[in-house]
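# build me a structure from this.
(one chain, ligands or ions: 1)
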Amino acid sequence: MAYETILYEVADGVATVTINRPKVLNALNPQVVSELDQVFRAIDADPEVKVVILTGAGEKAFVAGADIAAMSKMTPGQARNFSRQLQKVTQLMEEIAKPVIAAVNGFALGGGTELALACDFVYASEKAKFGQPEINLGIIPGAGGTQRLPRQVGKAWAKELCLTGEIIDAALAKEIGIVNRIFPPEELMPAAKKTAATIAAKGRVSTRAVKELINFGYDLPLDHALRLEAETFGQCFASPDQAEGMTAFLEKRPPKFTGEA
Ligand code: HXC
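Numbering: from 1, shown residues only. Down below sits the predicted model:
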């Protein structure tokens, strides 16, 4: 598949998706959104891919938001559809079985913060900046900023960020729970790749189960979610990876997971 606005590579089970419009700080226009949809569908279908890293091209930005030039011409109906299309990409990222790590290398504003929040966790460069500045454009976040952000950081921080449009640094983003870990800029991608490789070596039945249970159990009543966990725990025992993992432990050797269901 040829993409014009993203770079895509797969090595050793790890796919790297790089949003590639550095002249406009990787702003998301409808073409980027459509290509992200295509690439995450391709990732979902590709058995070679076990883990994904999402990042931005250039030194300055992960994604500085939706493309304001493109949005400035939208009718209300087009804007609604654009919002739904980007929301659907974020839901696809959550729904695919493969973990997605955000490597935030610079500005992650508006749709950039929202894309990062749809990843399973976020690694950030010391230079990264986060925020929901849509309020300064007379609009609101449209890809999860009013919904995923409060689930991640609590309602009070989500309201402060969405109401003020303030841009915060990586340290504060880590303090409030947007970012897991911060690295010097040159160490960001090596760290994301190292963690991706660690996860890629695990059993795929269990990595999928962890992602699904945490994503979809989180909003269920606890008793329902715990029952779902127990069912899924039981299903793991039908996989060759469970037999291999436990046999390897008992034989005092590293496991070699096949990822078969
Ligand atoms: C279109 C953008 C852009 C954007 C930057 N550019 N962000 N173009 N859409 N979101 C362009 C600039 O116009 C400029 O183009 C070039 O990228 C470099 O940006 P500068 O502003 O010159 O850089 P700098 O002074 O360093 O400022 C960086 C910045 C600023 C603070 C990130 O660019 C900025 O505030 N950008 C907008 C951020 C924003 O409001 N994001 C939210 C968008 S709404 P030229 O041609 O002049 O070189 C949104 C909604 C999501 O995301 C939901 C949708 C459904």
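# what residues are up against the residue of the stretch 101-250 of the chain found nearest the ligand?
Closest to the ligand within the stretch 101-250 of the chain is Gly110: 2.3 Å, counting by CB to the nearest ligand atom. No exception for glycine: its C-beta is placed from N, CA and C like everyone else's. Contact partners of Gly110, counting by CB atoms under 8 Å, 6 or more residues apart in numbering, are 64-66, 131-134, 141, 145.
# how near is it to Asp37?
As for Gly110, its distance to Asp37 is 18 Å (criterion: CB to CB, to the nearest Å).
# now do Val17
12 Å.
# who has more neighbours, these two?
Val17 (22 against 16; other CB atoms under 10 Å).
# who does the closest residue to that one other than its chain neighbours bridge with?
The shortest distance from Val17 to any residue other than its chain neighbours is 5.0 Å, reached at Leu54 (CB to CB, 6 or more residues apart in numbering). Taking DSSP bridges as the rule, Leu54 bridges to Val17, Ala102.
# Met71 is in contact with Leu28, correct?
No. The pair Leu28 and Met71 fails to qualify as a contact (CB atoms under 8 Å) at a distance of 9.6 Å.
# these two: who's more crowded?
Leu28 (29 against 20).
# can you name the residues bridging to the more buried one?
As for beta bridges, Leu28 partners with Ala66 under DSSP bridges.
# enumerate the residues of the chain near the ligand.
Applying CB under 6 Å from any ligand atom, we find that the chain lies next to the ligand at 24-25, 27, 64-69, 82-83, 86, 107, 109-111, 133-134, 137, 141-143.
# mark which of the residues you listed are part of helices, please.
Those of those mapping onto helices are 68-69, 82-83, 86, 111, per DSSP state H.
# for the stretch 151-261 of the chain, what spans make up the helices?
155-164, 170-176, 185-200, 204-217, 222-236, 240-250 (DSSP state H, counting those that start in this stretch).
# can you give me the buried ones in the first one?
Under the neighbour-count criterion of 16 or more other CB atoms under 10 Å, helix 155-164 has 157-158, 161-162 buried.
# again, but for the third one
Neighbour-count burial for helix 185-200, counted by 16+ other CB under 10 Å, picks out 188-189, 191-193, 195-196, 199-200.
# what does the last one give?
By neighbour count on 16+ other CB under 10 Å, the buried set for helix 240-250 is 241-242, 244-245.
# likewise stretch 221-241?
Residues of stretch 221-241 classed as buried by neighbour count (16+ other CB under 10 Å): 225, 228, 232, 239, 241.
# how about the contacts made by the residue nearest to the spatial centre of the chain?
Central residue of the chain (CA atoms, centre = their mean): Cys119, 1.5 Å from the mean position. Shown in contact with Cys119 (CB under 8 Å, 6+ apart): 54, 93, 100-102.
# now swap in Glu114 and tell me
86, 90, 132, 141, 143-145, 148-149.
# and what of Ala108?
Per CB under 8 Å, 6+ apart, neighbours of Ala108: 61-63, 102, 115-116, 128-130.
# so of those, which ones are in strands?
The strands, defined by DSSP state E, take in 61-63, 102, 129-130 from the contacts of Ala108.
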